[in-house]
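Asks: return atomic coordinates for the entry below.
(one chain, ligands or ions: 2)
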Amino acid sequence: MSTVGVIGAGAWGTALAQVAASNGHDVRLWARDPALVAAINATHENAPYLPGAALSPRISATTDLAWVAEAEVNLMVTPAQAMRSVLTALPARAQPLVVSSKGIEASSHLLMSEVAAAEHPDSPVLVLSGPTFAHEVARGLPTAVTLAGEDTAARARVADLIAAPQFRPYASADVIGAEIGGAVKNVLAIACGVVEGAGLGQNARAALIARGFAEMTRFGLAKGARAETLAGLSGLGDLVLTCSSTASRNFSLGAGIGRGEPARALLAERRTVAEGAYTAPVLREAAAAAGVEMPITAAVCALLDGAPVRAVIDALLARPLRDEG
Ligand SMILES: NC(=O)C1=CN([C@@H]2O[C@H](COP(=O)(O)OP(=O)(O)OC[C@H]3O[C@@H](n4cnc5c(N)ncnc54)[C@H](O)[C@@H]3O)[C@@H](O)[C@H]2O)C=CC1
Ligand SMILES: O=C(CO)COP(=O)(O)O
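Replies: Ligands and ions are numbered 1, 2, ... in the order given. Now for the predicted structure:
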């Protein structure tokens, strides 16, 4: 049995820790908050972020990043905008880093795998992404993910550590594609939430998923992603999941905006991260730089900036008619 490090003890990091521990591995789960660490170790529950999940005693929470860095593999699961600072503090070893967060760095427009490669050039970098609500994974419900990485030996080793009948990693070499799907779908999930909150109906939501997927594909292809990755678990799969359920933080943020609640207030009252709110403005800039049209992303940005819901929807619907392809 091995030692697996998980860096970031929110809902997803904790669920991934449980996956590795259920496979018999010792798990070192890093959090920056000593009170959370103490509570997880005392109660075997992460009550603020993953309430109700009984955690394996093989999971040891810690604030000691150097101790976690000794693990055979480290899963990186902090909020995207915190990823670089945590990677900078993480002692450099040559072991694999598995990026499991979904977002784009605001200051650099870099994907998380690019940030990881820049900070830890000797580590193989992989991406784990897909339709994975943390609370379902923690309950052991069937889940499939894309595990992307160019280093086939590292990818096989990571798959071996985390795979279980109810947690199926599908291998891919398309790191960029796996990341772009996860980052973009968070923005589109906000848009789908708006449709729900504003009461625009199921037809509109399905149209938004399909046109959002077209938007994700245009951007992904421009950045070097493969079409089949975008149509797979980490792209379309995750888009469908998060555009369909209030269990998605991004969708529920959008639903509040759609009901007319101010985005700023909704974000201020949240403890958990809705990555789409941070990805949207970065994505809009990155898309403009790549010459890619992303009208739904632009609409989400306008709504996050406080534009009235009705005006934003009317502007989207008034766009000139065009070919679907
Ligand atoms: N929750 C889910 O179902 C899934 C989440 N993800 C992704 O995983 C990443 C983490 O999300 P969750 O675990 O859900 O977040 P969360 O909202 O449940 O918890 C965030 C965690 O990050 C910590 N944190 C906040 N700022 C930090 C900083 N500056 N440095 C270090 N730690 C910091 C918080 O204390 C908390 O422990 C996100 O990118 C998210 O998109 C991916 C798949 C599923
Ligand atoms: O990424 C997720 C599921 O795959 C979680 O989505 P939310 O962050 O919108 O809750």
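Asks: use CA for all of it now, contacts and neighbours both
Replies: Will do.
Asks: quick one: the helices in the stretch 151-300 of the chain?
Replies: In the stretch 151-300 of the chain, the segments counted as helices under DSSP state H, counting those that start in this stretch are 152-162, 175-197, 202-222, 227-230, 238-242, 249-258, 263-268, 275-290, 295-304.
Asks: comparing the ones you listed, which comes out most buried?
Replies: The highest average neighbour count among the helices of the stretch 151-300 of the chain, using mean count of other CA atoms under 10 Å, belongs to helix 175-197 at a mean of 29.
Asks: now the helices of the stretch 151-300 of the chain as CSV including distance to ligand 2 and mean pLDDT?
Replies: Below are the helices of the stretch 151-300 of the chain laid out as CSV (distance: least, CA to the nearest ligand atom, whole Å; pLDDT from 0 to 100):
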stretch, distance to ligand 2, mean pLDDT
helix 152-162, 17, 98
helix 175-197, 6, 98
helix 202-222, 14, 97
helix 227-230, 14, 98
helix 238-242, 5, 98
helix 249-258, 4, 98
helix 263-268, 13, 97
helix 275-290, 6, 98
helix 295-304, 14, 98
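Asks: tally of neighbours for whichever residue of the chain sits closest to ligand 2?
Replies: Among all residues of the chain, Ser248 sits closest to ligand 2, at 3.4 Å; criterion: CA to the nearest ligand atom. Using other CA atoms under 10 Å, the number of residues around Ser248 comes to 19.
Asks: what sits closest to it if chain neighbours are left out?
Replies: Once flanking residues are discounted, Ser248 sits nearest to Thr242: 5.4 Å by CA to CA, 6 or more residues apart in numbering.
Asks: and this protein, which residues reach ligand 1?
Replies: Proximity of the chain to ligand 1 is confined to 8-13, 32, 49, 77-80, 82, 100-103, 132-134, 272-273, 275 under the rule CA under 6 Å from any ligand atom.
Asks: so which helix or strand takes in the residue positioned nearest the centre of the chain?
Replies: Geometric centre of the chain, nearest residue: Lys102, 2.8 Å, by CA atoms, centre = their mean. Lys102 belongs to no helix or strand when elements are defined using DSSP states H and E.
Asks: so it sits against Gly182, correct?
Replies: Yes: look at Lys102 against Gly182 with CA atoms under 8 Å: they come within range, at 5.3 Å.
Asks: shared neighbours, these two?
Replies: Ser129 (CA atoms under 8 Å, 6 or more residues apart in numbering).
Asks: domains for this protein, by residue range?
Replies: The record's domain parsing of the chain by automatic domain parsing lists 3-173, 176-317.
Asks: out of those domains, which gets nearest to Gly325?
Replies: domain 176-317 (8.3 Å; CA to CA).
Asks: any idea how far Thr88 is from Val137?
Replies: 29 Å (CA to CA, to the nearest Å).
Asks: more crowded one of these two?
Replies: The neighbour count for Thr88 versus Val137, taken as other CA under 10 Å, is higher for Val137 (20 against 14).
Asks: residues touching the more buried one, list them.
Replies: Val137 makes contact with 15-16, 19, 143, 167 under the criterion CA under 8 Å, 6+ apart.
Asks: surely Asp314 is within a strand?
Replies: No: using DSSP: H, G, I helix; E, B strand; the rest coil, the assignment for Asp314 is helix, not a strand.
Asks: gap between it and Arg211?
Replies: Asp314 is 16 Å from Arg211, by CA to CA.
Asks: and what of Thr146?
Replies: 23 Å.
Asks: quick revisit: mind putting the domains of the chain in CSV, distance to Gly325 included?
Replies: Shown next, in CSV, are these (distance: least, CA to CA, whole Å):
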stretch, distance to Gly325
domain 3-173, 25
domain 176-317, 8
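Asks: about what we covered before: list the contacts of the residue of the chain closest to ligand 2.
Replies: With CA under 8 Å, 6+ apart, Ser248 has these contacts: 133, 189, 242.
Asks: from those, which is closest to Ala265?
Replies: Ala189 (18.7 Å).
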